[in-house]
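Undergrad: Dropping the sequence and predicted coords here.
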Amino acid sequence: MASRTISKDIITLRGSAAIVSEFFGYAANSILYNRGVYPEESFSKVKKYGLPMLLTQDEGVKSFISGLTSQLSEWLETGKLQRIVLVIMSKATSEVLERWNFNIVTDAEVVETGVIKEKSDKEIMREIQAIMRQIASCITYLPCLDEACVFDVLAYTDKDTTVPIAWVESDAKLINNPQMVKLHSFDTKIHKVDTIVSYKNDEWEEEE
Amino acid sequence: MILRTPPSRKRRADTDTSAGSSGVAASPVSDRRLVLYEEHAAVPFGAPPASSEPFDQLVCTYHCRQMVKSEFMVALGTAERENAQYKARLEALNEQLSRIEEEREKYRDETNFLQQELAASKARENSLQERLLKEVGDSQERYREQLMRISELELEIKKEMDSRMAAEQLSETMKETVRELEMKLESLSDSSERERNSLRRELSYVQDESKLSFSNVTAELERTRLRAESAEGQAELLKEQLISLKEQLDECLTQKREIEHQLSSSNISSSSSVCSDDQKRITLLQEELHNYEKEVQDAKRLKSSHLNSELLKEKLLEEQSRRERAELELSKLHEFQAKARKLELELASWKSLLNDIPDIVSYSDIPKKFAELQKEALENMAKVGEITAQLKEIKVTMEYADLSKQRAEAECVLAKEKAERSSLEVKRLQLMLASVTEERDRLRHGSSVSSKDAGTADDFHVKELEAALNEKERIMKEMESSLQEHGEIIAHQHAELKLLNDRLSDESKKVKSLERESDRLRHEVALLESKLGHGDYSSSNTKVLRMVNTLAVENEAKQTIEALQAELKRTTERLQAVEELRGQSDAALPEKLVQLKNQIAVLEKREERYKAVFAEKILIFRKACCTLFGYKIVMDDQKRPNGIPVTRFTLQSIYAQSDDEKLDFEYESGTMNIILNDYTSQSDIAHQIEIFIRKMNSIPAFTANLTVECFNRRTLC
């Protein structure tokens, strides 16, 4: 029993990368559900992080997210990933409406020397749970997405990273003069993930 | 057997005791002399002297007397012994009393000392209170000062706000003046337009007039030419006449000569007869000659008039050219006049602007003034920021001062409580002291009484006194210990208070510095967060990758596939139905086929018509766009090397003077961006782009302005 608790508190680079990429997969699903990018009926409920989470059943989106998380995991293990951004755009005009910014800070020492850190799974799960709750509550203040939307995923990587086949270089898809809300962050002691959502100002607010 | 004498042993013992006792009351028996009972019986106890009468009666036997004597001796011995004991005890008690008195003295000293200490502690407490009061007063003063400073700062802020407001008002007034100037400019441009139009009209009138005059002149010229021609004809005729006349003259002259010759030959013969005829003829001939000469002169005049007409023609041509030149000069003059007027108006407006703006003497001062005003505004903003920061700091210090004041007050209350407690303690001690002194007095009184009535003092009283004494001693000890404890506690608390005060001041300093640091850090964090949230990145060490997302395309493809499947289903159903129908009636099929073909043909025709109508409409729309907005627009869909679709728009003004005057725009994800080319990188166009597109963020304003400029350039040229 004692050995088990000890083994639970230890966290490696690979484990941390797995936690972060899995978190991003669930977060992306949650955002797509909560922001209504895909229809409600295409999601099914599972229990994760002590919360009922919704996962898409659309095969296309599923395979997209799984490919994404595996690539993210690879980058996280090498410490070359700086930021992941989930961009929600208008389908008709391709105008960027929301940017879900997941800023990642990797402990360079762990990547270089492979040092093992200590943090309990329970604590990490609690932190992630807080973020998930915030994502779910975002619909209360984010502006309504009245039109059909599509999403895109951007990865800010180091300059020397080789571009994988399924990825292309892109512009940052920025929003001019956005509103910003900072959400909670979580830390695996190896990767620290800060979440910020920035969104387009409502026109009537600009007028005021 | 009855003993005659008391046992010797006993007597010996008695003698021993009597010998042992102090010789204050030595018995008469002690010196071993035989004394008569009646002689000494009354001496020791002061008994009433016995009368001699009962002596004989009472005369006892020697034996009896000896017995009584021995008894008395025994009783005396015991009494003496007791007396000695009591004396010893009294002495001991006296000693104790003296000791107690010494102790009491000591305690008194101690109490005095304690009182002194108490007084000292009171004084210290008072000084502490005074200090605290002073501190409180100081803090209040500081608070007041800070309030004063705050009020001053508020006043300054108000002043700054006022100045800012004034600056804003000034800027607004400037803006208004600018607007007015713009309005004036517009009105001027309108008036110039109107003038231009009127001038144009005048010019057209002048041109018409000139045309008319020209036509008149040409008509006149024609007339004169005709006249000249006729005159030429006449001159020629006259020449011919002249020639004929000359010939006639020559003939006449020859005739004359002949006649003269004849005359000369026949002069002599027929001079008288012929002379009159000849003279007549000569006169006739002379008249004719005169006539001819006149005609010749006319002809010469005509010739000269012809020459004059040619000269006039040349002059006319010259005049025409001069007139044209003059017209050109006139139009130029009008333009110059308009320009001069415009310039004068501008000058007047600038002068009025100069008069409006204070502290400005010349035109070159205006931009300086603007720069100064901007600087001032910026400085004011910075000052406002500084003042708000100072205000914050002051608030923080105020809060801290309030807190320290509250703490000091709490400490003061605590100290007061302590002082009260210690005064209560002192009172208790005084009460105890009073009780002790009372007790002591009582004891002294008791001792005096006991010394007086030593003989009658009893054990109980002494015991009671001893017990009381012991109790008092115990109480005294307790009090001492408690006093010491209190003193220690007070000293300890004082030390603690000092330490806490020191720590408090240190902590307050630390808190201040930390607050400042936290403010700075918060500011930095906010800045960084805003940058982060916006999605900024340094391109030197970061690359943005996008996962190729084919979901939307897939969705569309899926939808089309679904639609096609549905259509397939429908067609198969229809096919089945057709097959069924074929099975039912093969004969009706060709008819139906023909019908369907007809239908298809009708539908195709309709489609063609729709297409034609659409083409027509789109052409109209494009033409309307072109005529309404003044630009021919060419749209071109392109793709970037990274696969991002881009739509390119090329605009050409209808007033463009060359084909190179084109504007290129790129439309991508909801934004329209201008692309620089040879034309747009020209300095004036680039300047316009900078103003309208980059600063004012308005492409329509830029294109409209460009249209007006092109139009002006074209029409003025």
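TA: Now that the structure is in, tell me what you want to look at.
Undergrad: which residue ranges form the helices in chain B?
TA: B:8-20, B:37-40, B:52-58, B:62-356, B:365-452, B:459-534, B:551-584, B:588-629, B:683-688, B:699-716 (DSSP state H).
Undergrad: shaky segments in chain A?
TA: Low-confidence segments of chain A (pLDDT under 70): A:1-8, A:203-208.
Undergrad: The residue positioned nearest the centre of chain B and B:E160: what is the separation?
TA: Taking Cα atoms, centre = their mean, the centroid of chain B lies closest to B:G385, which sits 6.7 Å from it. B:G385 sits 10 Å away from B:E160, going by Cβ to Cβ, to the nearest Å. No exception for glycine: its C-beta is placed from N, CA and C like everyone else's.
Undergrad: go on, A:I128?
TA: 49 Å.
Undergrad: picking up where we left off before, make CSV from the helices of chain B and add distance to chain A to it.
TA: As requested, the helices of chain B are arranged in CSV below (distance: least, Cβ to the nearest Cβ, whole Å):
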stretch, distance to chain A
helix B:8-20, 91
helix B:37-40, 109
helix B:52-58, 114
helix B:62-356, 19
helix B:365-452, 20
helix B:459-534, 4
helix B:551-584, 5
helix B:588-629, 21
helix B:683-688, 23
helix B:699-716, 16
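Undergrad: Out of those, flag the one nearest A:Y199.
TA: Closest to A:Y199 of the helices of chain B, according to Cβ to Cβ: helix B:459-534, at 9.8 Å.
Undergrad: which secondary structure elements does that closest one contact?
TA: Helix B:459-534 sits against strand A:96-106, strand A:179-187, strand A:191-199, helix B:62-356, helix B:365-452, with contacts defined as 3 or more Cβ pairs under 8 Å, 6 or more residues apart in numbering or on different chains; DSSP states H and E.
Undergrad: right, and the ones you listed - which one's nearest A:D171?
TA: Closest of the helices and strands packed on helix B:459-534 to A:D171 is strand A:96-106, at 10.2 Å (criterion: Cβ to Cβ).
Undergrad: so what strands line up beside that closest one?
TA: Partners of strand A:96-106 in the sheet, by DSSP bridges, are strand A:81-90 (antiparallel), strand A:191-199 (antiparallel).
Undergrad: can you pull the contacts of B:F214?
TA: B:F214 makes contact with B:Q320, according to Cβ atoms under 8 Å, 6 or more residues apart in numbering or on different chains.
Undergrad: quick one: average pLDDT of stretch B:483-494?
TA: Stretch B:483-494 comes out with an average pLDDT of 86.
Undergrad: For it, buried residues please.
TA: Buried residues in stretch B:483-494, defined by neighbour count with 16 or more other Cβ atoms under 10 Å in any protein chain shown: B:483, B:486, B:490.
Undergrad: Ok, stretch B:178-194 next?
TA: Counting neighbours by 16+ other Cβ under 10 Å, one finds that the buried residues in stretch B:178-194 are B:181, B:184-185, B:188, B:192.
Undergrad: what comes into contact with that stretch?
TA: Residues outside stretch B:178-194 that contact it (Cβ under 8 Å, 6+ apart) are B:338, B:341-342, B:345-346, B:349, B:353.
Undergrad: any idea of the mean pLDDT for it?
TA: On average, stretch B:178-194 scores 85.
Undergrad: Relative to chain B, how far out is the residue nearest to the spatial centre of chain A?
TA: The centre of chain A sits closest to A:F24, judged by Cα atoms, centre = their mean, with a distance of 3.6 Å. A:F24 is 12 Å from chain B, where distance means Cβ to the nearest Cβ, to the nearest Å.
Undergrad: Now do the helix or strand that residue falls within: distance to the chain's middle.
TA: According to DSSP states H and E, A:F24 maps onto helix A:13-34. Taking Cα atoms, centre = their mean, to the nearest Å, the mean C-alpha location of helix A:13-34 is offset from the chain mean by 6 Å.
Undergrad: which of the residues in that helix are buried?
TA: For helix A:13-34, by 16+ other Cβ under 10 Å, it's A:13, A:15-34.
Undergrad: quick one on the thing from earlier: of A:I128 and B:E160, which one has the most company?
TA: Remark: of A:I128 and B:E160, A:I128 carries more neighbours, 24 against 19, as counted by other Cβ atoms under 10 Å in any protein chain shown.
Undergrad: who's in contact with the more buried one?
TA: A:I128 sits next to A:19, A:23, A:49, A:186 when contact means Cβ under 8 Å, 6+ apart.
Undergrad: Which strand or helix spans it?
TA: A:I128 belongs to helix A:121-137 when assigned by DSSP H and E.
Undergrad: Which pLDDT value belongs to B:L36?
TA: Note on B:L36: pLDDT of 51.
Undergrad: in chain B, which ranges drop under the pLDDT threshold?
TA: Low-confidence segments of chain B (pLDDT under 70): B:1-61, B:265-275, B:357-363, B:447, B:449-458, B:550, B:552-554, B:582, B:584-588, B:717.
Undergrad: so what are the domain limits for it?
TA: As given by the TED database, the domain ranges for chain B are B:61-255, B:284-356, B:551-585, B:630-716.
Undergrad: B:G535: which of those domains is closest?
TA: domain B:630-716 (14.5 Å).
Undergrad: Same question for stretch B:276-286: list its buried residues.
TA: Within stretch B:276-286, the residues that count as buried by 16+ other Cβ under 10 Å are B:278, B:285.
Undergrad: how far is it from where the chain is centred?
TA: That offset, for stretch B:276-286, works out to 131 Å (Cα atoms, centre = their mean).
Undergrad: which outside residues touch that stretch?
TA: Outside stretch B:276-286, the residues within contact range by Cβ under 8 Å, 6+ apart are B:252, B:256, B:259, B:263.
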